[in-house]
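Undergrad: below are the sequence and a predicted model; questions follow.
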Amino acid sequence: MRLGILGGTFNPIHLGHVILAECARDQCALDQVWFIPTAIPPHKPSRQLLDGAQRLALVRLAIRGHPAFRASDVELRLGGVSYTLRTVRLLRARHPHANLFLIVGSDMLQVPWYGMAELRRLCTFVVAPRPTTRPLRPFDAPRHAAGLAQGRPERAKRVEGRRLPGMRTITIPQVEISSSMIRARIRRGRSIRYLVPDAVRQAILRRRLYAGGP
């Protein structure tokens, strides 16, 4: 099985997430794509973060009817800070014969990752370029290995003229939608129609999610 992994806070999930997953599924011939909401995000502040059960419910609404998409509560069950390495290790143990593909935006390669060297051994990175990020360049594998051994996050060190093994770049429509933008529009009473799946929009409005707070 070729299994795509798309993690994130999904606070809330929006059409950009769904488009990314579908492009990855199509271009990488994935059998399934799992949407995995984080428990506690390692890179983002948790201000106005809905509890995991609510975010997971919105993900399920967003992907309902797509035969290859699945919502997973694996990180919510694990609890604590949701490090991708811990999740991928668990999925590898549970699905030893699966080929794992980690779906990310190129902007996420500009932030610290815990255990990047091991992640590159366990899965293939499927990278969607973002117009606001610098050109993709390889990580320095020895630096990552040293960081992993010392139990600390590694930072990307770009190396000229080398290709990053275990990385595949895909093309996606450049849809400038973000969860923070969705939340801001809701607080201001603005429409979010056509920015999120309609079932998600209806659930947010019905439950008055994101209506208050900063």
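TA: Looks like it came in fine.
Undergrad: how about low-confidence regions in this structure?
TA: Applying pLDDT under 70 to the chain picks out residues 44-47, 131-165, 213-214.
Undergrad: tally of neighbours for M167?
TA: 17 (other CB atoms under 10 Å). Using the backbone N, CA and C atoms, a C-beta is placed for each residue, glycine as well.
Undergrad: ok, it - contacts?
TA: T124, F125, V126, V127, L136 (CB atoms under 8 Å, 6 or more residues apart in numbering).
Undergrad: show me where the chain has its strands.
TA: 2-8, 32-37, 69-71, 99-105, 124-128, 167-169 (DSSP state E).
Undergrad: listing partners with orientation, what would you give for the second one?
TA: Taking DSSP bridges as the criterion, strand 32-37 sits next to strand 2-8 (parallel), strand 69-71 (parallel) in its sheet.
Undergrad: what do you get for the last one?
TA: Strand 167-169 has the following strand partners under DSSP bridges: strand 124-128 (parallel).
Undergrad: which residues touch the partner strand?
TA: Residues contacting strand 124-128 (CB under 8 Å, 6+ apart): 4, 20, 23-24, 28, 99-106, 109, 119, 136, 164, 166-172.
Undergrad: please apply the same query to stretch 15-29.
TA: Stretch 15-29 is touched from outside by 2, 4, 6, 8, 10, 30, 33, 35, 62-63, 66, 68-69, 101, 103, 105, 126, 128, 168, 170-173, 175, 177-178, 194-197, with contacts defined as CB under 8 Å, 6+ apart.
Undergrad: thinking again about what came up before, most neighbours among the contacts of M167, which one?
TA: That'd be V126 among the contacts of M167, by other CB under 10 Å, with 24 neighbours.
Undergrad: beta partners for that residue?
TA: I103, R168.
Undergrad: so L90 touches V74, yeah?
TA: Yes. When contacts are counted by CB atoms under 8 Å, L90 is listed as touching V74 (6.4 Å).
Undergrad: more neighbours: these two, which one.
TA: V74 (18 against 14).
Undergrad: between the strands paired with strand 32-37, which gets nearest to I182?
TA: strand 2-8 (13.1 Å; CB to CB).
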